[in-house]
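what would the 3D arrangement of this be:
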Amino acid sequence: MKSRLLLLALGTTTALAADKNVKPDAVAGNEAVKKIMETRAGRGVMADDTPPTPPKEALARFKHRSDVAIDLMVAEPDVEQPLYASWDSKGRMWITQYRQYQFPAGLKIISYDQHLRAKFDKVPLPPPRGEKGADKITVFEDTDGDGFFDKHTDVITGLNIASAALHGMGRIWVLNPPYLLSYADADGDAKPDNDTPEVELTGFGLEDTHSVATSLMWGMDGWLYGANGSTTTGNISSANTKNVKWEGQCIWRYHPKKKTFEIYAEGGGNTFSLDIDSKGRIFSGTNGATRGMHYEQGSYGIKGWGKHGPLTNPYAFGFFEHMRHEGDNKRFPQAYAIYEGGLLGSAYEGKIIAPNALQNLVYVSERLPDGSTFRSKDEENLMSTPDRWFRPVWAGVGPDGGFYMADWYDTRLSHVSPIDDWHKTSGRIYRVRPAAGAPKLKPFDLSKASPEELLGYLSHANEWFRKQAVLEIGWRDLKDLQPKLTEMVLSKTEPHALDALWALDAIGKVGAVDLYPLLLKHSDPYVRRWAVKMAGDQLKPSAEVQLPPYSTWLGELVKTEKHPEVRAQILATAKRLPAATALPLLWSGDTEDESGHLQLLAWWALESKSEKEREAVFAFLRSDKDLLKTKLFQDHLAEKLSKRYALAGGEENFQSCADLLALTSDDTLRGKFIAGIAAAFEGAEMPKLPDSLTKALNDYMAKQSGGDLTLALRSGSADALKQALKLLSDSKASNTARIGVAKTLAELGKQDAVMPMVAILKATNPPTLKRGILQAAAKFDDKRIPEVLLTTWEGQIAGDRALREDALRVMAGRKEWAQILVSFVNDWKIPVKHFTVDIVRQLSLHKDPEIDAAIDKHWKGLLMTGPTPEKKKEAERIKAVLKTGLGDAEKGKVQFTARCFICHKLFGEGNAIGPDLTGYDRSNADFWLDNLFTPSLEIREGFGAYIVHTKNGQILTGLMDAQDASGIVIKDMAGNKTPVKQADIEKLEASPISLMPEGLTTGMSDADLKDFFAYLMKK
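Numbering: from 1, shown residues only. Predicted coordinates for the structure are as follows:
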């Protein structure tokens, strides 16, 4: 270790490469993998020559709010690479040390995919049978009550990719992907009773050990909750649940008594953190630029489509976004905690405290209502440090009320490099507490506290004690507390009625028939919300307790409930209940909700019954005609429902489409149903439909003036084809109508449309019309299209920059067209300067000698990525210019608009092809130069390019804008969106090259540079 530190101190740039923790030979399963590990350049925040700061000195470097102080609770060598922490009923802190990261012991990597997700040669065996790794679980104790740890013990060692540990129920629960393990600890001494754990769950993915399952936490419903990162998969089985599969991020839960597993909510950022607040609401941090996600039970969240895979439900037709945020939008506040510890004071209570490991600071953000969810607003930062090694990866609130952080402590953070060059021997645990002094707790043991003491803890100022008391009451099954708990729950003045309800539920005493109606009328909306949640979770009553008549009581609640969060839970619960009870609850979604969450929850509840309980769905829709008239149904459910049936296909589902049309004579509603059916068949001709549906569609079209042409085309009507071709050629028709019919004709492959399209492109027409026609014409493999573009280039195409670049992208997308295109360039008929870097890259994908020769001749420099002497020289020139001062920011805005506006937003202006630049470290010239000259070194998640090879010979490149059951949508550099059916995709791959062109400063004078950077770096 000393030699490594010496090299770092000397500033040797090869220090890390020379001292890898694991050699490629040790983990590479073949030569191809070994070569990737040895040669692939890393992206992201990589190690540099900054030396580590000793723990006490690092502590002194923090700047923090004046009302708090920071304690160094643990440091190396007692803790190394800490990843997660939790506390048990004795107040002992359990720290998971992720020292084996990043390669599982005993496994060989046999392949990497384009995102560096590994495939291993085997599945590791669970301990103690499997290969022993370096991970361990260490317990820290404060035995004398002075507020600091004075004892620590390694309680489980030899673990292999262990990401979290949690004590409870007389067991030690350890996430050691691919397993969730539990070790017996009957006497609570924090030592396993034997070396062989019970394997509770199998199937957590190991493809990317940077985003495995982690964040174990007890829910107040008796389930164990956890988070799964974005670039691993799951195929989970337990004793009573088999093969629950997903791709990417989710929040999951496991019932340790029932031995059942389920996905609680899907989607989010890279969900490597989890918190459950004092109301039982579930949140996680994010690697994006907001403060995180708020999850409702059974919900679906945004994902990085492509890289993270589709949602498990192909008919979700929507998703929750991250919580809206106001304030600093620098990315990576992934660690996340909601402070409810009662120690730091009212300025912190209920606030989000979110460490940002990339920026070496810690945010404090207010949570504000946003319809049925939340938005966040930054306040003064809690703390920051100039020490680049400060990498807080976990946050939580302890029994003493202090805010704790686990600091990974490493100059590197990014995991993208395939080599293992982590600083294995560092790590710190910090506590933030009031400036007045360190909190002191006398040793305690809730596992041995009397029932009356536990009852008292339900009113404790620190949420941790309230929750832990609830858990102990449940684990010890203290049924004698039922009368007092019931009294607390039903008291109109009890501020902790919800905590008492949780305890009552934990001992199985909520199911009494006379209690539920009172809970659903309770004055506390969170008691009502939790009672509704229990209705969905208790579908299988025990032998002693019969479920109450939910349909009556929940139905009454729907009529009176105004609180948006209770409404949200009603709809989430409806998804879990039988259709007869669930469907009347859809009325809860018929209200205003700025976030749109209620309407999506209503759809997901309805969708869950659409096929499984089809008869009940139609019986309900026929019986409740008033719901069909609501804004909820007409604007949010009708079109989705018909689309869902049509997309699923098959005789029974097509008949359901016809049955929907038969529900009403209202033309507006029938139009919604028709629109959904049409949307399901976008890009393809309709299959043979039942006579009843065909008649209904024909009747609908007949009522439209002239017929619904797009729908008629998809139905295969010969008359519709004639009308469509006539409309396409009609110069008096609107551009919108001509483009719309052109796209439909192209999707259906109607070759008769080519000549009218060629005529439009050849004649003098508005560029907007030609751009729309171009996107449709691109689907036809017909040489007449590139020929008309090239022969009329100067007169009809070149004059409009957006049109000519669209035309070049279209021609670059097909090999034969691209060959014709480069021949015109070689003959100097098309200017070389008209080609942007993304178009040249698209040409290079054909791997054709003729095209490659043209690229080498005309644009060789454009495709050079990574550092070069020329780029280094230009960067040094810019640095020297900037040292003499900045220029006029207003003039710089003109430069930004010309060079960056098409892809990036800055100060709220621009487009979203690339990341919003406002929240980055804009005052740092090195940040700008790194991204201007080597943008592919760090491709921001969500902005990676994809390459699509279609079966009809097209190559499309761009961002993946959407992904669902029907296929994907690719968005190119100009913002054009191209839907591609799944059946039409021959090959889909992620591009290792950023969409951002290099050398954007080419041709800029010193004065231009000063102005440009003045705008970029403006405060």
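
right, and residue 645 touches residue 654 too?
Yes. Counting by CB atoms under 8 Å, residue 654 is a contact partner of residue 645 at 7.2 Å. (C-beta placed from N, C-alpha, C; glycine too.)

so for these two, which sits in the more crowded spot?
Taking other CB atoms under 10 Å, residue 645 and residue 654 do not tie; residue 645 has more neighbours (28 against 22).

average pLDDT for the strand or helix carrying that one, rounded please.
Using DSSP states H and E, residue 645 sits in helix 638-648. Throughout helix 638-648, pLDDT has a mean value of 94.

please apply the same query to stretch 719-728.
pLDDT averaged over stretch 719-728 gives 91.

other residues contacting it?
706-707, 709, 712-713, 733, 737-738, 741-742, 744-745, 750, 752-753, 756-757, 760 (CB atoms under 8 Å, 6 or more residues apart in numbering).

list the residues that contact the spatially closest residue to residue 893 that is not a sequence neighbour.
Excluding its sequence neighbours, the residue lying closest to residue 893 (CB to CB, 6 or more residues apart in numbering) is residue 1015, at 4.9 Å. Residue 1015 makes contact with 889, 890, 891, 892, 893, 895, 896, 906, according to CB under 8 Å, 6+ apart.

what's the answer for residue 892, then?
Residue 892 is in contact with 1010, 1011, 1012, 1013, 1014, 1015, 1016, counting by CB under 8 Å, 6+ apart.

leaving out chain neighbours, which residue sits closest to it?
That would be residue 1015: by CB to CB, 6+ apart, it lies 3.0 Å from residue 892.

three-state assignment of the one you found?
Here residue 1015 is helix, with the state taken from DSSP: H, G, I helix; E, B strand; the rest coil.

so what pLDDT did it get?
Looking at residue 1015, its pLDDT is 82.

over to residue 899?
Note for residue 899: predicted pLDDT of 68.

go on, the one 5 residues further on?
In this prediction, residue 904 carries a pLDDT score of 72.

verify the stated contact: it with residue 910.
Yes. The pair residue 904 and residue 910 qualifies as a contact (CB under 8 Å) at a distance of 5.1 Å.

quick check: the closest residue in space to residue 347 that isn't next to it in sequence vs residue 61, distance?
The shortest distance from residue 347 to any non-neighbouring residue, by CB to CB, 6+ apart, is to residue 67 (7.2 Å). Relative to residue 61, residue 67 is positioned 19 Å away (CB to CB, to the nearest Å).

looking at the contacts of residue 892, state which has the most neighbours.
Going by other CB under 10 Å, residue 1012 tops those with 28 neighbours.

and that residue, what does it touch?
Residues near residue 1012 by CB under 8 Å, 6+ apart: 887, 892, 895, 896, 899, 1001, 1004.

what's the fourth one sitting at in phi/psi?
Right, residue 896. Main-chain torsions, residue 896, degrees, to the nearest 10: phi -60, psi -40.

please report how far the residue lying closest to it once chain neighbours are set aside lies from residue 637.
Of all residues not flanking residue 896 in the chain, residue 1015 sits nearest, at 5.4 Å (CB to CB, 6+ apart). Going from residue 1015 to residue 637 by CB to CB gives 47 Å.

circling back to that earlier point, so among the contacts of stretch 719-728, which ones count as buried?
With burial judged by 16 or more other CB atoms under 10 Å, the buried subset of those is 707, 709, 712-713, 738, 741-742, 744-745, 750, 753, 756-757, 760.

between those, which is closest to residue 881?
Within those, the smallest distance to residue 881 is 47.7 Å, found for residue 760 (CB to CB).

give me the nearest residue to residue 299, chain neighbours excluded.
Nearest to residue 299 is residue 265, by CB to CB, 6+ apart, at 4.7 Å.

an error on my part: the question was meant for residue 515.
Nearest to residue 515 is residue 486, by CB to CB, 6+ apart, at 7.2 Å.

what's the burial count for the one you found?
Neighbourhood size, residue 486 [other CB under 10 Å]: 18.

please flag which of the contacts of residue 1012 sit within strands.
Of the contacts of residue 1012, none are assigned to strands by DSSP state E.

please identify which pair of these lies farthest apart.
Counting by CB to CB, the most remote pair of these is 887 and 899, 15.4 Å apart.

the closest residue to residue 649 other than its chain neighbours: how many residues sit nearby?
Distances taken as CB to CB, 6+ apart put residue 687 closest to residue 649, at 7.0 Å, once the chain neighbours are dropped. If you count neighbours by other CB under 10 Å, residue 687 ends up with 11.

is residue 687 part of a helix or strand, or is it coil?
Applying three-state DSSP: residue 687 is coil.

backbone dihedrals for it, both of them.
Here is the backbone geometry of residue 687 (degrees, to the nearest 10): phi -70, psi 180.

re earlier: more neighbours, residue 887 and residue 899?
residue 887 (21 against 17).

now do the contacts for that one.
1007, 1009, 1010, 1011, 1012, 1013, 1014.

ok, now residue 404?
The contact partners of residue 404, taken as CB under 8 Å, 6+ apart, are 73, 85, 93, 395, 396, 397, 398, 429, 430, 431, 432.

and it, what are its bridge partners?
Judged by DSSP bridges, the bridge partners of residue 404 are residue 396, residue 431.

that one and residue 341, how far apart?
The value you get for residue 404 to residue 341, if CB to CB is used, is 10 Å.

same question for residue 1013.
In this view, residue 1013 and residue 341 are 44 Å apart by CB to CB.

pLDDT wise, what is the residue located most distally from the centre of the chain at?
Centroid-distance maximum for the chain: residue 827 at 48.4 Å, with CA atoms, centre = their mean. The model reports residue 827 with a pLDDT of 88.

what do you get for the one 5 residues further on?
The predicted structure scores residue 832 at 89 on the pLDDT scale.

neighbours of the closest residue to it other than its chain neighbours, how many?
Excluding the flanking residues, the one nearest residue 832 by CB to CB, 6+ apart is residue 858, at 4.7 Å. For residue 858, the neighbour count with other CB under 10 Å is 16.

look up phi and psi at residue 858.
With angles defined as degrees, to the nearest 10, residue 858 sits at phi -110, psi -30.

got a list of what it touches?
Shown in contact with residue 858 (CB under 8 Å, 6+ apart): 825, 832, 835.

many thanks, have a good one.
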